[in-house]
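A.B. asks: The sequence and its predicted three-dimensional model are supplied below.
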Amino acid sequence: MPPKGVDAAAREAMTHKIAQRIKSMLQPGQDPVAAARQIEAKCFDSAKDAQDYERKVEKRLAKAAKALEASQRPSMSEPSDTAPLEKKQALARKRSREDSEVVQEAKRPRSSDSARDLLREHGATLEWWRAAPAVIGRRLRAIIDAATAAGSVGDEARTWASDALQKVDKIEKRATSLHKQLEARSGNLSELPGYCTKLKEWKADLEAKLGKRAPQWAPSSIGEAAVESWCDVATNDVAGALRARLGACVGAISQDALGAYRVECPRDSFTATLRLQTSNGQVTRAWVTTVRSGERSPASSYDFWRRVGDEATEAADKCVKKAGGSTLGTVARLLVAIPLFRDALASTAAARHKASVERSAPRVPDFARAARLLERERVRAS
C-alpha cells in the first residue's frame with residue numbers, strides 16, 4: 001500500500017534529490033538518475049507515510065556513503081605505495097607461505113580417504129581373522145583332541161595347534177579393533193598398512209600349515225582324510241581308531257555278527273557297509289555297499305549309490321594289498337575311496353541318464369514313409 005502524503009510530484013522531487021547526492025558516489029559511466037530511481041522505489045514500497053518515506057531515503061543514502069568511505073579506506077593487508085620495501089617483502093613472503101600451506105593441505109590425503117583405501121584393500125583379511133576363532137579355531141581344537149588321543153605320536157601336531165589357537169584368539173581381538181577404527185575413520189592410520197600386510201602373510205602361512213596337518217588329524221570330509229600315515233597299525237578297536245582320527249567325518253560305527261562294518265559318514269551324506277573276508281586274522285577280500293544317508297533301498301538315489309559301491313568293490317583288492325591285510329587299513333582306505341568314486345560317477349551321471357532315456361524312449365512312427373511304401377505296393381499290385 002503506497003505511503004500517505006507521497007504523490008507523483010513528491011516522488012519525482014525525491015528522485016532528483018537522491019541523484020544529486022549519489023552522483024559523486026558512482027563509478028564513471030553509471031547513470032545517477034537510474035540508480036536514484038531504484039533507491040526511491042525501494043523506499044516508497046516499504047514506507048508507511050511521508051515521514052517514514054524520507055527517513056528510509058536518508059538511511060539508504062547514509063549507508064551508501066558509509067560503504068563508499070570503507071571502499072576508499074586503505075586496506076590493512078595491502079601496503080600502500082609509500083610503505084617501506086621491507087614491509088612489502090614481508091607481506092609477500094607471508095602470502096607465499098600461506099598459499100604453499102593451502103596447496104599442501106589440499107594435496108595431503110585425508111584420514112577418511114586413507115581408511116577407505118585400507119578397508120578396500122585389507123577388509124577381507126580383517127574379516128577372515130575376526131571369524132577365525134569360530135572357523136579355524138574349531139579345526140585347531142579338533143587337531144588338539146586327535147593328537148592328544150594319539151599319544152606321543154601327536155606331540156608335534158598338538159603343540160603347533162595349541163600355539164596357533166592362542167595366536168588366532170589374540171589376532172582376532174586386534175583385527176576387530178582395527179576394523180572398528182577404520183570404519184570410524186579415527187586414530188593414527190600411518191602404521192596400519194604394514195600391520196595389515198603382516199596379517200595377510202600370517203593368514204597365508206596358517207592356511208598352508210593347516211592344509212598340511214588337517215587332512216591327517218582333523219579332515220573336513222572323508223575324501224580329504226590322509227589315512228596312509230596312521231591306518232597301517234595293528235589294533236582290535238577299529239571303530240575307536242576311526243573315531244579318533246576322522247572325528248566328525250564319521251558318525252555311528254557298528255559291526256554285525258558276521259564281522260561287517262557299518263559306518264555312517266554324515267559330512268559326505270552316505271552310509272557304507274564293508275564286508276570283510278579274513279584268513280588267519282588277515283583280510284583277503286572286501287565288498288562294499290553304499291546308500292545315501294537317511295534313505296533305504298530302493299530309493300531315488302539307490303541306483304547311483306549301488307554303482308558307487310560296485311566301483312569301490314572293484315578297487316577293494318588294491319586297498320587290501322596296500323593295507324597288508326590289516327583290518328583298519330582296509331576299512332580306512334575303502335572309506336576314503338568311496339567319495340572319490342562318488343565324485344567320478346556324479347560327473348558322468350548326466351550323460352548316462354541322457355543315454356538311458358534315449359534308449360528307453362519309444363520310437364515315433366514315420367507315417368509318411370509308411371504311406372509311400374503302401375502306395376508302392378498298391379502300384380505293383382495293379
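C.D. replies: Right, received. Where do you want to start?

A.B. asks: ok, which stretches of this protein are strands?
C.D. replies: Under the criterion DSSP state E, strands of the chain are mapped to 253-255, 261-265, 270-279, 282-292.

A.B. asks: Can I get those strands in a markdown table including mean neighbour count, mean pLDDT and distance to residue 61?
C.D. replies: (C-beta placed from N, C-alpha, C; glycine too.) A markdown table is the format used below for the strands of the chain (neighbours: other Cβ atoms under 10 Å; pLDDT from 0 to 100; distance: least, Cβ to Cβ, whole Å):
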| stretch | mean neighbour count | mean pLDDT | distance to residue 61 |
| --- | --- | --- | --- |
| strand 253-255 | 14 | 90 | 107 |
| strand 261-265 | 20 | 91 | 100 |
| strand 270-279 | 18 | 91 | 101 |
| strand 282-292 | 19 | 89 | 100 |
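
A.B. asks: ok, now how distant is residue 62 from residue 32?
C.D. replies: As judged by Cβ to Cβ, to the nearest Å, residue 62 and residue 32 stand 17 Å apart.

A.B. asks: repeat for residue 320
C.D. replies: For residue 320 relative to residue 32 (Cβ to Cβ), the value is 118 Å.

A.B. asks: more crowded one of these two?
C.D. replies: Shown here are residue 320 and residue 32; by other Cβ atoms under 10 Å, residue 320 has more neighbours (22 against 18).

A.B. asks: Tell me where the model's unsure across the stretch 51-200 of the chain.
C.D. replies: Low-confidence segments of the stretch 51-200 of the chain (pLDDT under 70): 72-88, 94-95, 97-113, 186-189.

A.B. asks: rewinding a little: any chance of the strands of the chain in a markdown table, with distance to residue 206 too?
C.D. replies: Putting the strands of the chain into a markdown table (distance: least, Cβ to Cβ, whole Å) gives the following:
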| stretch | distance to residue 206 |
| --- | --- |
| strand 253-255 | 32 |
| strand 261-265 | 27 |
| strand 270-279 | 31 |
| strand 282-292 | 35 |
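
A.B. asks: if I read this right, residue 185 contacts residue 115, doesn't it?
C.D. replies: Yes. Residue 185 lies in contact with residue 115 (Cβ atoms under 8 Å); the separation is 4.5 Å.

A.B. asks: So for those two, which sits in the more crowded spot?
C.D. replies: More neighbours surround residue 115 than the other of residue 185 and residue 115, with 19 against 15 (other Cβ under 10 Å).

A.B. asks: which ones are touching that one?
C.D. replies: Residues counted as contacts of residue 115 (Cβ atoms under 8 Å, 6 or more residues apart in numbering) are 181-183, 185, 189.

A.B. asks: how far away is the residue lying closest to residue 218 once chain neighbours are set aside from residue 158?
C.D. replies: Nearest residue to residue 218, sequence neighbours excluded (Cβ to Cβ, 6 or more residues apart in numbering): residue 142, at 3.6 Å. For residue 142, the distance to residue 158 equals 11 Å [Cβ to Cβ].

A.B. asks: who has more neighbours, those two?
C.D. replies: Neighbours per residue (other Cβ under 10 Å) separate residue 142 from residue 158, with residue 158 holding more: 21 against 18.

A.B. asks: follow-up on the earlier one: so the residue nearest to residue 218 sits against residue 248, correct?
C.D. replies: Yes. Contact criterion Cβ under 8 Å: residue 142 and residue 248 qualify, at 7.4 Å.
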